[in-house]
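A.B. asks: From the sequence below, what's the structure:
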Amino acid sequence: MSTIALRPLSRSLFQKSSKPCQPCCRAGTQRWHSSKSGFNALRGKLPPLNHDKLGGLPDKPARTRFAPSPTGYLHLGSLRTALFNWLLARATGGQFIVRVEDTDRTRIVDDAVERLFSDLKWAELDWDEGPDIGGAYGPYVQSDRLHHYQTHVSQLLESGKAYRCFCSQDDLSRHKMQSILDNKQSGAYPGTCRSISPSVSERRAAAGEQHVVRFRSSGRPSFIDSVYGRYQRKEDEPDFILIKSDGYPTYHFANVVDDHLMEITHVIRGAEWLISTPMHISLYEAFKWTPPTFAHVGLLCNEKGEKLSKRNQDIDVSSYRNKGILPSALNNWLALLGWSMDPKHTANGKGEVIYPLSAMPEKVNPPSPKHPPFTSYSLARAGLLTPLAKFSMKFTKGSARANAKKLDHFQRFHVSHALADPDYDPAALRRQVVDPVAAVLSEVTEHLRDKTELQLASPHNPKHVISTPDFSEPVPQLAGGDPAAAGDYILRALRGVKDLPSGPAGLVYDHPSMFFRPSPRAYALHADKNSDGRLAKLADVGADPWALLRDLRAAIEAVPEAEWTEDRLQAVIDDFCAANTAAVRAAREAKGEVVGEEDGGAIRKTVLEGVYQLLKLVLTGDPGRGARPAKMQLAILGRDESLLRFKMCCDP
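C.D. replies: Residues are numbered from 1 along each chain as shown. Below is the predicted model:
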């Protein structure tokens, strides 16, 4: 099963108020308020909803959008929101729109939009309309759409559904404090300026008096959420602000106007917006517009159940990008945080790993002139063909715990798939898999050139350390200045390693001798240390380790370049072990010893372990460092480099 199991939708009901709303001016009016709001208002006393209909796919192409604010960089929660909206649009043959909501002018980060596009493209979520490519419903930046907001707020002012508020910040602070003291309420704006006549309001605004425009709220609108069912707050909606004093719209107002004008049919967003949605419904009702279908997905939490933040976990998408995580692996992980699918439709049959399968149909929905079909090729780029065929809006309720170990699992699976798939885009393979490894290699190479003695610990596993004195330089395949040749070598190394690490640094730090030549110092140092251990056991059975090493060198050296393959090298090693096992046994028997079956097995085991310990010493400069399988490393290093290491080890 997936990390976050899909749970049945529980009962989610309308909460009736025990007291009526007050339709008149709220200034000085006693209103009933509950002390609880938000999710606590989800339950009530109406008949249950038909949850079988909740979360199903629409029968028409969906227009979805991702509307980030450029007040920061793309983080995990935002990417998951974009992914869900992208999946819905692609699964229904609809459109996915990117819109920049930049109305909070005081918090804008200069390069946020540029980084946003870069991260989305890296994540391989393409869009049909947006600021960079345009579209029929543009512009797609809210600061370029101010005329739309002015037009629509004027309509609300003329109809009496909005009014200008001239209260200063000091006035608002006093209102809030008095409201709390007098009525034990939440301190919501009491509607002080509601009673100002339109003519007076217009005159004061024309005179330049600073003001905002507020919505004239009434009652407690409800709506049906695709995840939580029918929802209504217990409190009356406050008179929220539509246009700020700087002339820019608030998020709530611009969001509704833009979604309507851009014909957005479905909105998937974080559950933190659930409590605000009744305000949006109020606006839809005021304009007599049909609201989109809403689905509020649970927040992302760490494994302790704490909301993800920059203080307790890397959540910036670029941090995963810089670690060499594949976009498809990250998408796979995020897709299953709050959503799951039938295991029979996944790549590993466990409802977990999702990647392109050849059985994916070319089209999920019939094409139409307005909504052209998408192809399996275009969708394969995000590594998510399988869920597109079975995607639904049946998201799980509540927070989703982001298990980092699960991401490592997906990373290994997706890297293995990319390396094994003959149809995988070569350019994408280089960009996503090879280049991150090359970057780590370049960093380690710089440390080697500095000739400074350092202990470089792997960021993935601190126990894996590269000691710079133990290595001298990169292998010739990496040192020749040919990026293509270096890339081919890295690919060979990746395809040869059985247990792929979760990141590019892991490959380099787990197998440094595949990329860097051991130093003479390392051979001399570690050879002197082998009076004990498995090599010493060779002497116990009558075998000379160093004579064995010379003979092994001769056996390997006899393999010609044309036959330098894993199978041929393994056969040579096997024959060498068998011959030396027989020789040791014969020498023991020549001395009059009786070598029984048990003793023979012990000799065979000791010789085998000793030979592979010698191979570790030759290949890595340290018999304690892994070199598994030896045949693979010999084959990847090549004949010249392998024989050079034998020479350095035998003739220090």
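
A.B. asks: helix or strand for the nearest residue in space to residue 600 that is not next to it in sequence, which one?
C.D. replies: Distances taken as Cβ to Cβ, 6 or more residues apart in numbering place residue 585 nearest to residue 600, at 6.0 Å, with adjacent residues excluded. Glycine gets a C-beta too; all of them are placed from N, C-alpha and C. Using DSSP states H and E, residue 585 falls within helix 566-590.

A.B. asks: chain center to that helix, what's the gap?
C.D. replies: Centroid displacement of helix 566-590 relative to its chain, using Cα atoms, centre = their mean, to the nearest Å, is 50 Å.

A.B. asks: can you pull the contacts of residue 280?
C.D. replies: For residue 280, the contact set (Cβ atoms under 8 Å, 6 or more residues apart in numbering) comprises 252, 255, 256, 291.

A.B. asks: Which single one of those residues is nearest to residue 575?
C.D. replies: For the contacts of residue 280, the minimum distance to residue 575 (Cβ to Cβ) is 73.4 Å, reached by residue 255.

A.B. asks: residues contacting the closest one?
C.D. replies: Counting by Cβ under 8 Å, 6+ apart, residue 255 touches 67, 101, 280.

A.B. asks: taking these one by one, which sit in helices?
C.D. replies: residue 280 (DSSP state H).

A.B. asks: okay if I get the contacts of residue 255 as a markdown table plus distance to residue 541 and pLDDT?
C.D. replies: Shown next, in a markdown table, are the contacts of residue 255 (distance: Cβ to Cβ, whole Å; pLDDT from 0 to 100):
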| residue | distance to residue 541 | pLDDT |
| --- | --- | --- |
| 67 | 73 | 97 |
| 101 | 75 | 96 |
| 280 | 81 | 98 |
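
A.B. asks: what's the burial count for the spatially closest residue to residue 611 that is not a sequence neighbour?
C.D. replies: With Cβ to Cβ, 6+ apart as the criterion, residue 611 has its nearest non-adjacent residue at 5.3 Å, and that residue is residue 577. By other Cβ atoms under 10 Å, the residues close to residue 577 number 18.

A.B. asks: lowest-pLDDT helix or strand in this protein?
C.D. replies: Among the helices and strands of the chain, helix 376-380 carries the lowest confidence by mean pLDDT, DSSP states H and E, at a mean of 35.

A.B. asks: if I pick the residue located most distally from the centre of the chain, what's in contact with it?
C.D. replies: For the chain, the largest distance from the centre (Cα atoms, centre = their mean) belongs to residue 592, which lies 67.5 Å off. With contact set as Cβ under 8 Å, 6+ apart, residue 592 has no partners.

A.B. asks: distance of the closest residue to residue 91 other than its chain neighbours from residue 317?
C.D. replies: In space, and not counting its chain neighbours, residue 91 is closest to residue 391: 4.2 Å by Cβ to Cβ, 6+ apart. From residue 391 across to residue 317, the span is 21 Å (Cβ to Cβ, to the nearest Å).

A.B. asks: check contacts around the residue nearest to residue 600.
C.D. replies: Shown in contact with residue 585 (Cβ under 8 Å, 6+ apart): 595, 600, 603.

A.B. asks: Which of these fall in strands?
C.D. replies: Using DSSP state E, no member of these falls in strands.

A.B. asks: Go through these and say which is closest to residue 142.
C.D. replies: Distances from residue 142 to those, taken by Cβ to Cβ, are shortest for residue 603, at 79.2 Å.

A.B. asks: Read off the pLDDT value for that closest one.
C.D. replies: Residue 603 is assigned a pLDDT of 88 by the prediction.

A.B. asks: how deep is it tucked in, by neighbour count?
C.D. replies: There are 23 residues near residue 603, going by other Cβ under 10 Å.

A.B. asks: Spit out the contact partners of it.
C.D. replies: By Cβ under 8 Å, 6+ apart, the contact list for residue 603 reads 541, 581, 584, 585, 588, 595.

A.B. asks: Next: residue 323.
C.D. replies: 436, 459, 503, 504, 505.

A.B. asks: so the second one makes contact with residue 505?
C.D. replies: Yes. If you go by Cβ atoms under 8 Å, residue 459 and residue 505 touch, sitting 5.2 Å apart.

A.B. asks: Which one's more surrounded, those two?
C.D. replies: Ranked by neighbour count (other Cβ under 10 Å), residue 459 and residue 505 place residue 505 first, with 25 against 13.

A.B. asks: and that one, what element?
C.D. replies: helix 504-510.

A.B. asks: neighbouring contacts of that helix?
C.D. replies: 323-324, 433, 436-437, 439-441, 444, 456-461, 464-466, 493-494, 497, 500-501, 515, 626.

A.B. asks: how about 6 Å then?
C.D. replies: 324, 436, 437, 440, 458, 459, 460, 464, 501 (Cβ atoms under 6 Å, 6 or more residues apart in numbering).

A.B. asks: again, but for stretch 637-652
C.D. replies: The contact list for stretch 637-652, computed with Cβ under 6 Å, 6+ apart, reads 475, 523, 524, 553, 557, 561, 564, 618, 634.

A.B. asks: in the stretch 501-650 of the chain, which spans are strands?
C.D. replies: For the stretch 501-650 of the chain, the strands defined by DSSP state E, counting those that start in this stretch occupy 516-518.

A.B. asks: Low-confidence ranges, the stretch 101-250 of the chain, go.
C.D. replies: Where the stretch 101-250 of the chain drops to pLDDT under 70, the residues are 179, 182-187.

A.B. asks: To clarify, my last question referred to the chain.
C.D. replies: 1-55, 179, 182-187, 309-314, 341-389, 528-536, 627-628, 652.

A.B. asks: follow-up on the earlier one: enumerate the positions of the helix holding residue 585 that are buried.
C.D. replies: 566, 568-570, 572-573, 576-577, 580-581, 583-585, 588 (16 or more other Cβ atoms under 10 Å).

A.B. asks: before we move on, what about stretch 165-172?
C.D. replies: For stretch 165-172, using 16+ other Cβ under 10 Å, the buried residues are 165, 166, 167, 172.

A.B. asks: Next step: the residues you listed restricted to strands.
C.D. replies: residue 165.

A.B. asks: Between which two of the buried residues of stretch 165-172 is the distance greatest?
C.D. replies: Farthest apart among the buried residues of stretch 165-172 by Cβ to Cβ are 166 and 172. That separation is 10.9 Å.

A.B. asks: what domains does the record give for the protein?
C.D. replies: Structural domains assigned to the chain are 317-420, 426-518, 520-650, following automatic domain parsing.

A.B. asks: Deepest in the core, which of those domains is it.
C.D. replies: Greatest average neighbour count among the domains of the chain goes to domain 317-420 (a mean of 19), per mean count of other Cβ atoms under 10 Å.

A.B. asks: measure that domain end to end?
C.D. replies: Length of domain 317-420, first residue to last, Cα to Cα, to the nearest Å: 26 Å.

A.B. asks: And for stretch 296-305?
C.D. replies: Terminal residues of stretch 296-305 lie 19 Å apart, using Cα to Cα.

A.B. asks: likewise stretch 470-490?
C.D. replies: Stretch 470-490: ends 21 Å apart by Cα to Cα.

A.B. asks: same check, this time on stretch 304-317
C.D. replies: Terminal residues of stretch 304-317 are spaced 21 Å apart (Cα to Cα).

A.B. asks: and the gap between residue 90 and residue 127?
C.D. replies: The value you get for residue 90 to residue 127, if Cβ to Cβ is used, is 11 Å.
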